[in-house]
Structures are given as C-alpha cells and as structure tokens.
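J.: Here is my input, please return the structure:
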Amino acid sequence: MSDETPALPVRPGPSTGDVAVVIPFFNGSDTLERALRSVFAQTVPAAEVLVVDDGSRPEENQALNALAELYPFRVLSQANGGQGSARNLGVANTVSPYICFLDQDDFYLPRHIEALGAAIPADDLRFGFVYADLDEADAAGRMVQHGLIAREPGRHPKRSVMDMLRHDMFVVPSAALISREAFEAVQGFDTQFRGYEDDDLFLRIFRAGYSNHFLAQSVTVWCIHGASTSYGMTMIRSRDRFFHKMVRDFPDEPLRVRFYLRDCLVPRFGKLFVEQCMMQVIRGDEAVRIEMSGMLARYIDVLVANPYISRMYIARLRVFHWLMRSSMRDVLKLASRLVRMPGLRFLLRLYR
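T.: Down below sits the predicted model:
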C-alpha cells in the first residue's frame, strides 16, 4: 500500500471555451455597442456571448439585430420581465460552466475574464462565485472614480449572513464570475425583483454552501446615471419586497443572540423607508404618496410584531405615518424641506 495521501481533484480555472457572457437588453442601443466591444476585447475570450432582448421597442430591437451582424453574439427575445428574468433566460440557453453578466450600459476592462478566473482557488470544489472591485463612470463612460467596493461598508469576501443583511452586498453581477452549478442549484434570479435581485441571488448561493472570493482589483466600469434602474419607484417597490422576504427568511434567534430585524434590517432599510416617503410628500404625487404610505404601514406592522424593536421608535414612525396620511401633510412637507438644510436634519435622525 502507498503511504502517499491521495491528491484532491483539481478544478481548472476558466479558459477559452469555459465562460458564457449574458447581457440583458432593454432599450439600450446607445450604450450596447460599447459593452459588446469590451466583451470581444477580452484577453481570455468568452465561448458564448448572448444578448437577451427584454421586450424592447421595435426600433431598439432592430438596432440590436444590426449589431448582431457586426459582432458574433446570439440574440434571444422575451416579453418584458426584468433583468433577472432576462439573465435567467440567457443562462438557460448557454452551456459553459462559468457565467459572466454584463449590463448594457456598463463595460468590461480588458482582463475581466482572465483576472476573475485566476482568482478561483484550484482546489475549491464548492466554488460559487468570485467578484471584484469596479470603477465608476458617468453615462458617457467618463471616469468618476477608481475602486468603489473598498469604500463601502461590509466585509469582503462574504463570510457572515449578519454582515450581508446589514449592508448592501456590493457584489455586482457585471463584476463577477459565477459557477453554473451554483447558479442552477439556487434556480437563478428571483424574478419578483427588479432591484435587489443581485443581493438576493448571491445571498442564496452563500446560504447553499458555496464559496465566494473577492479580488481587490477593478475589472468592470460601472456607469451610474439618473436613468439607471437604481432610481425610481421600480427600485422602491423591489426594495419593499426584498425587505419582507428577508424578514420571512431570517426570523430572530434569541438563544443565539441573533436579532436580524433589529440589528440588520432596520438599520439598513428603516431610514430609506422614511426618506422615500418624505420625498414623495415633497413631490406631491398623490397616487405615489398613497402607495408609499401603504409600504410604511406594512413596515410598521412588521416592527410591532417583533418584541425586540424599540417601542419609542415605533411610536415616532406612527406619528410620521399619521402626518403623511392626514391633512397635516403640509407640516410634514415643510419639515421635509427643512431637514435638507445644513444643521436641520433632526427629523431624519429620529428614524434611524
């Protein structure tokens, strides 16, 4: 018998033929070619490049098909279902063992695939995803700052559910490489979300026991601008759904001193609920104000049902909600404007 310890099987990192790039597309022909150029300029080429048209206007679809005559990628089309739905369809129509996503208004740096692939430990048999830092640019792709993730709260790579719930995860799909095995094991993106679907996906991959790794190097340029899906009521509604899903999925564990709502979800989302409601009062959109008032009421109901949340905090929220719904809205509107002035932010501080 040999005294040598058997060697562990080694998982090879991505190489040519191993990576599929999936780009969800929705009325974004003005930036899509920039994204495509970055994909086809990679030092390690992707084996598959697929663009999923998520219900774009006919003229946008025509522009997409014109680009498909210039670059070697496939096109799929579906009725509008959101980025998560489009990404799921794209993955389902590829076969490569590793997946990279790219939003239509972002673009890769030349070593995106090479750098992320090299960051996967060779002996990691439960590899889930590797993610990296990214640079910020404006809509035209002009640089704003280098390195975003290092400036954000939270730890990298992800090692704790408490940390992942307390902070935005800042695992951006356009700056990540994901194992197909892990993606399929959790059934991809939850299509109820049109915002926060990224946090939800990577949290579920983590909870399923897959590993994650962080590369402190920018591999993508993230173009942030006012037209991004990070703004507007679509994101607000999705945030509301995500909050309530997290409340259901993470009940408190007093015996283990884990109070997910009090210590993670309220600090992360509570101030956002109030700020968004105040903004709608200022804007004066009655239908949106009513919708936001309903969201705040549901948030308060969750807090009331939890014995570990400060009753004083709940009482202040109830006063705020009453002002928002009542004829006293003008008072709240005035207060909302005052707290935007230097030194008069006392009202928002009440709801942290």
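J.: the helices in the stretch 51-200 of the chain, which residues?
T.: Secondary structure of the stretch 51-200 of the chain by DSSP state H, counting those that start in this stretch: the helices cover 58-68, 83-92, 112-118, 161-166, 180-185, 197-207.
J.: Between these, which one is closest to Ile300.
T.: helix 161-166 (19.9 Å; Cβ to Cβ). No exception for glycine: its C-beta is placed from N, CA and C like everyone else's.
J.: which other residues reach the closest one?
T.: Here helix 161-166 makes contact (Cβ atoms under 8 Å, 6 or more residues apart in numbering) with 154-155, 158, 199, 202-203, 206-207, 246, 250, 258, 260, 263-265, 267-268.
J.: What subset of those residues is buried?
T.: Those of those that meet the buried threshold are Lys158, Asp199, Phe202, Leu203, Phe206, Met246, Phe250, Tyr260, Asp263, Cys264, Leu265, Arg268, by 16 or more other Cβ atoms under 10 Å.
J.: Disregarding flanking residues, what is the spatial nearest neighbour of the fourth one?
T.: Which is Leu203. Met164 (5.6 Å; Cβ to Cβ, 6 or more residues apart in numbering).
J.: Repeat that for the third one.
T.: With sequence-adjacent residues excluded and distances taken as Cβ to Cβ, 6+ apart, Phe202 is closest to Val171, at 4.6 Å.
J.: Provide a list of residues in contact with the one you found.
T.: By Cβ under 8 Å, 6+ apart, the contact list for Val171 reads Phe129, Tyr131, Lys158, Asp198, Asp199, Phe202, Asn212.
J.: Enumerate the beta-bridge partners assigned to the closest residue to the first one other than its chain neighbours.
T.: Read it as Phe129. Of all residues not flanking Phe129 in the chain, Ile178 sits nearest, at 4.5 Å (Cβ to Cβ, 6+ apart). Counting by DSSP bridges, Ile178 forms beta bridges with Ile99, Phe129.
J.: Okay, buried residues for whichever helix or strand His321 is part of please.
T.: Assigned by DSSP states H and E, His321 belongs to helix 311-325. The neighbour-count check on helix 311-325 (16+ other Cβ under 10 Å) flags Tyr313, Leu317, Phe320, His321, Leu323, Met324, Arg325 as buried.
J.: Just the closest of those residues to Ala118, please.
T.: Distances from Ala118 to the buried residues of helix 311-325, taken by Cβ to Cβ, are shortest for Tyr313, at 47.2 Å.
J.: does that closest one really touch Val304, like I thought?
T.: No: between Tyr313 and Val304 there is no contact under Cβ atoms under 8 Å: 10.8 Å.
J.: what about stretch 65-85, distance to the chain center?
T.: 21 Å (Cα atoms, centre = their mean, to the nearest Å).
J.: going forward, begin numbering at 371 instead of 1
T.: Got it, the first residue is 371 from now on, which makes the last one we talked about stretch 435-455.
J.: Show me which positions of that stretch end up buried.
T.: Those would be Leu437, Phe443, Leu446, Ser447, Gly451, Gly452, Gln453, Gly454, Ser455, for stretch 435-455 by 16+ other Cβ under 10 Å.
J.: quick one: contacts of that stretch?
T.: Contacts for stretch 435-455 (Cβ under 8 Å, 6+ apart): 393-394, 396, 399, 402-403, 406-407, 409-410, 418-425, 431, 434, 456, 459-460, 463, 473, 558-561, 563-564, 567, 571, 599.
J.: for that stretch, how far is the first residue from the last?
T.: Across stretch 435-455, the terminal residues are separated by 20 Å (Cα to Cα, to the nearest Å).
J.: And stretch 422-429, by the same measure?
T.: 15 Å.
J.: So which bits of that stretch are buried?
T.: Val422, Asp423, Asp424, Gly425, Ser426.
J.: can you tell me how far the third one sits from Phe690?
T.: Read that as Asp424. 37 Å (Cβ to Cβ, to the nearest Å).
J.: Which one of the contacts of Val541 is nearest to Met665?
T.: Distances from Met665 to the contacts of Val541, taken by Cβ to Cβ, are shortest for Asp569, at 18.5 Å.
J.: what's around the nearest residue to that closest one once chain neighbours are set aside, how many residues?
T.: Counting by Cβ to Cβ, 6+ apart, Asp569 lies nearest to Met539, which is 4.7 Å off, once chain neighbours are set aside. By other Cβ atoms under 10 Å, the residues close to Met539 number 22.
J.: Likewise for Asp568?
T.: Asp568, neighbours per other Cβ under 10 Å, totals 22.
J.: before we move on, what about Gly558?
T.: The burial count for Gly558: 21, using other Cβ under 10 Å.
J.: One more: Arg659?
T.: 19.
J.: How about the contacts made by it?
T.: Cys647, Gln650, Val651, Met694, Arg699.
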